[in-house]
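**Student:** this is a predicted model, with the sequence first.
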Amino acid sequence: MMNKECVSDIRAVRHALRSYSNGGASTTTQRAKIPYLQHLDTWFNEDGMANIVSFDKLERLYPITYDHARKVFIVHTKGIECDEGMIEFHRSPEGFPFVFVDLRDGDGENAVMMVNTVRGNIEGFTRSDVLAAERAYRAANRMGAPSDRSFRAMVRNISNCPITSRDITNAVQIFGPNLAGIRGKTVREKPQRVNTDRIEIPCDFHVLHCNVTLEADVFYVNEIPFLLSVSQKLKFLTVENIPNRSSNT
């Protein structure tokens, strides 16, 4: 979700969500709740391009029906037998379900948000430009996803190269940044420190379980042996890598 008017209880969380699209990559560490959907918990990114709701989570909360004649999904927030509380998800020309959210500005006009898709980005380009852009996009992937600057330098130094700098520019405008290059050049972020608290075992626990029966076995993962032990009653399970199955080990 991206609109503050549609959510409540915006808060920071420890884990981050990193999403990729034809517009690049984005990261958010905020979550929020959708009040009109039983306070459904969702990710919140104010710099996002669309409000996206999980169809799977909606289906767990409410019954959903489909009107084949009108081509709409209907979410029954007050029960399938009630005529109130119905939210209709229409189908876009690309086939994606969406809902009209009534966000009005100061002039009383509906706030409309447009999301760029690859099909929409193709508009304004000729068929030959699109084919050349696709050829440049495939070539970049085969060459290990170089940067646009390096890719242009490569094609300029190749005689009679079928790919031009204009094709590379059109490929970026139509398909967005190369995701393979973004993933390959993205460095690992420093994880947050995990604090482990040690809890002393009560004396009564030692008295009740002074004798523990262990069950052990050896299993392999990719021909690497591991020792598995399970304690009866306690159900405490341990796994340890072993170099071999000799008696000394």
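**Tutor:** Arrived safely.
**Student:** my understanding was that residue 168 contacts residue 151; is that so?
**Tutor:** Yes: if you go by C-beta atoms under 8 Å, residue 168 and residue 151 touch, sitting 5.6 Å apart. From N, CA and C alone the C-beta is placed, and that goes for glycine too.
**Student:** between those two, what contacts are shared?
**Tutor:** Common neighbours of residue 168 and residue 151, counting by C-beta atoms under 8 Å, 6 or more residues apart in numbering, are 136, 140.
**Student:** mind naming the longest helix for the protein?
**Tutor:** helix 127-142 (DSSP state H).
**Student:** and stretch 204-215, what's its mean pLDDT?
**Tutor:** In this model, stretch 204-215 has a mean pLDDT of 84.
**Student:** got the buried residues for it?
**Tutor:** Within stretch 204-215, no residue counts as buried by 16 or more other C-beta atoms under 10 Å.
**Student:** centre of the chain to that stretch, how far?
**Tutor:** The chain centroid and the centroid of stretch 204-215 are separated by 45 Å under C-alpha atoms, centre = their mean, to the nearest Å.
**Student:** what of stretch 208-217?
**Tutor:** 43 Å.
**Student:** gap between the two ends of that stretch?
**Tutor:** 26 Å (C-alpha to C-alpha, to the nearest Å).
**Student:** contact partners of that stretch?
**Tutor:** Applying C-beta under 8 Å, 6+ apart, the contact partners of stretch 208-217 are 227-234.
**Student:** which members of these are the farthest-apart pair?
**Tutor:** The two members of the contacts of stretch 208-217 with the most space between them (C-beta to C-beta) are 227 and 233, at 20.3 Å.
**Student:** so where do the strands sit in this protein?
**Tutor:** Per DSSP state E, the chain carries strands over the ranges 8-21, 24-34, 40-44, 64-67, 72-76, 86-91, 97-98, 214-221, 224-231, 237-241.
**Student:** so who does residue 141 touch?
**Tutor:** 178, 180.
**Student:** and for residue 170, the neighbour number?
**Tutor:** 22 (other C-beta atoms under 10 Å).
**Student:** surely it touches residue 134?
**Tutor:** No: using C-beta under 8 Å, residue 170 is not in contact with residue 134; the gap is 9.6 Å.
**Student:** and the closest residue to residue 10 other than its chain neighbours, what are its bridge partners?
**Tutor:** Nearest non-adjacent residue to residue 10, counting by C-beta to C-beta, 6 or more residues apart in numbering: residue 32, 4.5 Å away. Residue 32 has these beta-bridge partners by DSSP bridges: residue 42.
**Student:** pLDDT score for residue 32?
**Tutor:** 85.
**Student:** what's the neighbour count on it?
**Tutor:** That count, for residue 32 with other C-beta under 10 Å as the rule, works out to 20.
**Student:** again with the one 3 residues further on
**Tutor:** Residue 35 has 12 neighbouring residues, counting by other C-beta under 10 Å.
**Student:** contacting residues around it?
**Tutor:** Shown in contact with residue 35 (C-beta under 8 Å, 6+ apart): 7-8.
**Student:** now it: how far from residue 124?
**Tutor:** 40 Å (C-beta to C-beta, to the nearest Å).
**Student:** in contact with residue 79, which residues?
**Tutor:** Residues in contact with residue 79, defined by C-beta under 8 Å, 6+ apart, are 63, 85.
**Student:** quick check, pLDDT for it.
**Tutor:** 76.
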